[in-house]
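**Q** Got a sequence here, can you model it:
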Amino acid sequence: MNLSWPNLLTDPNVSDCTTLSSFTSEASLLAGPNLQPFLKAFYFAGAKARGRKVRFTARGVLSSTGTPTYLFKARLGTTAGDSYLAGTVIGTTAALTTGSGVSNEQWELLLDVTCRTPGIGTGAATLCVSGWLSSPGLAAPYRYAVQPSTPPQATWTVTIDAGLTQYLNLTATCSASNASNAITCKEWEFLGLN
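**A** Model prediction:
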């Protein structure tokens with residue numbers, strides 16, 4: 001077994017990302033002055049890529065008035081930029097109901113991505129993806145699954161072209177537009193685990 005220390009795949013953020021508020025359309029939680037996390041071309045290509053694992057972790061705060069829902073999505077796409085909201089959904093939550101009158105409650109999202117089948121070309125690389133999102137600002141049970149399609153699902157795989165650089169974007173959608181319905185990503189890290 002080849003063991004190694006986790007390593008940063010891209011520089012971590014150096015300041016808070018842009019706060020989302022009064023929004024009901026999907027918007028990036030990673031917007032602002034930070035670099036966008038990405039996987040270099042060929043990261044999941046070649047025989048040695050089978051079993052290669054990365055972990056994306058993001059943390060921040062959320063607030064709400066009433067009990068709106070937040071829907072989180074993680075995407076990999078070949079176009080750089082936090083305004084690019086297309087690409088392959090590698091992780092999504094269900095629409096998660098918040099508590100009433102929540103103010104700056106911490107949230108944390110963890111997403112593990114493992115290469116099952118390396119490959120170059122459209123849909124040639126198969127990735128297994130799973131994770132969770134938790135926050136005391138959400139309705140009980142406070143911790144929810146993150147999977148490639150709305151949980152719960154038996155299938156945890158997605159496909160990408162590992163021959164191209166893949167940019168990661170984390171987004172949120174709120175069910176009600178109000179200035180008090182706000183969410184901010186405070187920090188994130190993108191690690192290679194092996």
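**Q** If you count residues, where's the longest strand of this structure?
**A** When the chain is parsed with DSSP state E, its longest strand is strand 105-117.
**Q** and that one, which strands flank it?
**A** When pairing is defined by DSSP bridges, strand 105-117 lines up against strand 53-63 (antiparallel), strand 125-134 (antiparallel).
**Q** Can you lay out the ones you listed as TSV showing mean pLDDT, mean neighbour count and distance to residue 86?
**A** Where C-beta positions appear, they are placed from N, C-alpha and C, glycine not excepted. Formatted as TSV, the strands paired with strand 105-117 follow (pLDDT from 0 to 100; neighbours: other CB atoms under 10 Å; distance: least, CB to CB, whole Å):
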stretch	mean pLDDT	mean neighbour count	distance to residue 86
strand 53-63	97	20	18
strand 125-134	97	20	17
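**Q** Check which residues of the longest strand of the chain are buried.
**A** Buried residues in strand 105-117, counted by 16 or more other CB atoms under 10 Å: 105, 107, 109-116.
**Q** so can I have a markdown table of the strands paired with strand 105-117 showing distance to residue 141?
**A** Shown next, in a markdown table, are these (distance: least, CB to CB, whole Å):
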| stretch | distance to residue 141 |
| --- | --- |
| strand 53-63 | 17 |
| strand 125-134 | 9 |
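**Q** Of all these, which one is nearest residue 98?
**A** With respect to residue 98, and counting by CB to CB, the nearest of the strands paired with strand 105-117 is strand 53-63 at 6.9 Å.
**Q** Does the residue most central in space within the chain belong to a helix, a strand or coil?
**A** By CA atoms, centre = their mean, the chain has its centre lying nearest to residue 74, at 3.3 Å. Following DSSP: H, G, I helix; E, B strand; the rest coil, we place residue 74 in the strand state.
**Q** Model confidence score at it, please.
**A** Per-residue confidence (pLDDT) for residue 74: 97.
**Q** Show me the strands in the protein, by range?
**A** Secondary structure of the chain, counting by DSSP E: strands at 7-8, 20-21, 27-28, 38-39, 53-63, 69-77, 88-92, 96-97, 105-117, 125-134, 143-146, 157-160, 166-174, 182-192.
**Q** what is the orientation angle of the fifth one with strand 182-192?
**A** It stands for strand 53-63. Calculated by axes from the mean of the first three to the mean of the last three CA atoms, to 10 degrees, strand 53-63 forms an angle of 170 degrees with strand 182-192.
**Q** by how many degrees do strand 53-63 and strand 88-92 diverge?
**A** Interaxial angle of strand 53-63 relative to strand 88-92 (the same axes, to 10 degrees): 60 degrees.
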